[in-house]
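In: Just to be clear, the model below is a prediction. Sequence and coordinates:
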Amino acid sequence: MAVKQLHWLVVVDSGPAPAIIERWDLGSGETSVLTWAYAHPGTTTILDDLAARRCANSLGIPVRGTLGLILTAKRRRMIPQARPVFEQLRAAGMYLSDSVMNRALKTVGE
């Protein structure tokens, strides 16, 4: 069986944010991620915050969300089921409505 790996990039210090990102008045985490991606074209960001996603879209920065990552992992058979992961996120405090979760799960046959 092939070994499947996920590669994560954790941004510690992305440097000063460009004014075009600062104007969005986002949280420090979102600003840092967007600053990194802005300086490194082609970087796909992982953002769930709506304002941050809008900022990324306005700058042409590719965006994925947490749910999209989980669904991709399920489709690639990196995880056996998405529902338990969604439930863990909810238990940890992520807001995820039943409606959104069930629609997402349908896309992967759950």
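Out: It's in.
In: Quickly find the element holding residue 20.
Out: Per DSSP states H and E: residue 20 is located in helix 19-22.
In: Against which helices or strands is that helix packed?
Out: In terms of contacts (3 or more Cβ pairs under 8 Å, 6 or more residues apart in numbering; DSSP states H and E), helix 19-22 is packed against helix 28-39. The C-beta positions use only the backbone N, C-alpha and C, and glycine is treated the same way.
In: Whatever helix or strand comes next after the helix it packs on pairs with which strands?
Out: Note on helix 28-39: by DSSP H and E, the next helix or strand toward the C-terminus is strand 45-46. Strand 45-46 has the following sheet partners, assigned by DSSP bridges: strand 63-64 (parallel).
In: Would you indicate which residues of whichever helix or strand comes after the strand it pairs with are buried?
Out: Going down the chain from strand 63-64, the next helix or strand is helix 66-75, by DSSP H and E. Judged by neighbour count (16 or more other Cβ atoms under 10 Å), helix 66-75 contains these buried residues: 67, 70-71, 73-74.
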